[in-house]
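S.K.: Any chance you could fold what I've pasted below:
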Amino acid sequence: MTDKNRRFETEVLPHLDAAYNLARWLLRDEHAAEDVVQDAYIRAFQYFDSFRGGDARPWLLGIVRNACYTRFQQKTRTPQTANLDDDPEMYVPMVDARGQVQTPETMLDQKQLGAQISAAIAGLPMAFREVLILREIEEMSYDDIASIMQIPTGTVMSRLSRARAMLKEQLGDCR
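M.R.: The predicted structure follows:
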């Protein structure tokens, strides 16, 4: 195994889940996200020599983001809806975070709320959806998001604020 391979495995491979998560949210298609992440990892490996060091996560997510936009340009199609019933992340465990057993009614309410939130996020315009996913789900810093999206940090904060406001408006009184 070459030094480049070892470095790539150590620095980039651990971010596979984050790359897939971003692609899945941007593309709204699990299979397309898998394809894009695979292409992005191939591209990342090819250009790994140009990686300047530091945190590889923003560098990789920038490549994934660009691959998603390339996919959009190649296939201009109507948005697809996600089948939230098949999403394993939407299932609520029988015991909540406090260790208390949940009733079927509580579980149903939480599942419906999760579905509403997922649908609201999926319905956001791309620029707002991606900044929200990177900040709230991937827990990235404003500076890293700005680096990935190649926009000023102030624009990241503005888009995030607007995305949150749109979500609040769409969700209304879901609780």
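S.K.: Does the closest residue to Glu138 other than its chain neighbours lie in a helix or a strand, and which?
M.R.: In this structure, Glu138 finds its nearest non-sequential neighbour in Ala18, 5.4 Å apart by C-beta to C-beta, 6 or more residues apart in numbering. Backbone N, C-alpha and C define where each C-beta goes, glycine included. Element membership for Ala18 (DSSP states H and E) is helix 16-27.
S.K.: Kindly export that helix (C-alpha atoms) in PDB.
M.R.: Coordinates of the C-alpha atoms in helix 16-27 are reproduced here as PDB (Å, rounded to 0.1, in the frame of the first residue of the first chain):
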ATOM      1  CA  LEU A  16     -18.000   8.700   3.900                       C
ATOM      2  CA  ASP A  17     -21.200   8.900   6.000                       C
ATOM      3  CA  ALA A  18     -21.100  12.700   5.900                       C
ATOM      4  CA  ALA A  19     -20.500  12.700   2.200                       C
ATOM      5  CA  TYR A  20     -23.400  10.300   1.600                       C
ATOM      6  CA  ASN A  21     -25.700  12.300   3.900                       C
ATOM      7  CA  LEU A  22     -25.000  15.500   2.100                       C
ATOM      8  CA  ALA A  23     -25.500  13.900  -1.300                       C
ATOM      9  CA  ARG A  24     -28.800  12.200  -0.200                       C
ATOM     10  CA  TRP A  25     -30.200  15.500   1.000                       C
ATOM     11  CA  LEU A  26     -29.200  17.500  -2.000                       C
ATOM     12  CA  LEU A  27     -30.200  15.000  -4.600                       C
END
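S.K.: helices or strands up against whichever helix or strand comes after that helix?
M.R.: With elements assigned by DSSP H and E, the helix or strand that comes after helix 16-27 is helix 30-46. Contacts defined by 3 or more C-beta pairs under 8 Å, 6 or more residues apart in numbering; DSSP states H and E place helix 30-46 against helix 16-27, helix 56-74.
S.K.: Please identify the most buried of those.
M.R.: Most buried of the helices and strands packed on helix 30-46, by mean neighbour count (mean count of other C-beta atoms under 10 Å): helix 16-27, with a mean of 21.
S.K.: now that one, how far from the centre of its chain.
M.R.: Offset of helix 16-27 from its chain centre (C-alpha atoms, centre = their mean, to the nearest Å): 4 Å.
S.K.: now it and helix 30-46, what's the angle there?
M.R.: Taking axes from the mean of the first three to the mean of the last three C-alpha atoms, to 10 degrees, one finds that helix 16-27 is oriented at 130 degrees with respect to helix 30-46.
S.K.: who wins for proximity to Ile42 among the helices and strands packed on helix 30-46?
M.R.: Among the helices and strands packed on helix 30-46, the nearest to Ile42 by C-beta to C-beta is helix 56-74 (9.7 Å).
S.K.: where does the residue nearest to the spatial centre of the chain land on pLDDT?
M.R.: Residue closest to the average C-alpha location in the chain (C-alpha atoms, centre = their mean): Leu22, at 2.6 Å. Predicted confidence (pLDDT) at Leu22: the value is 92.
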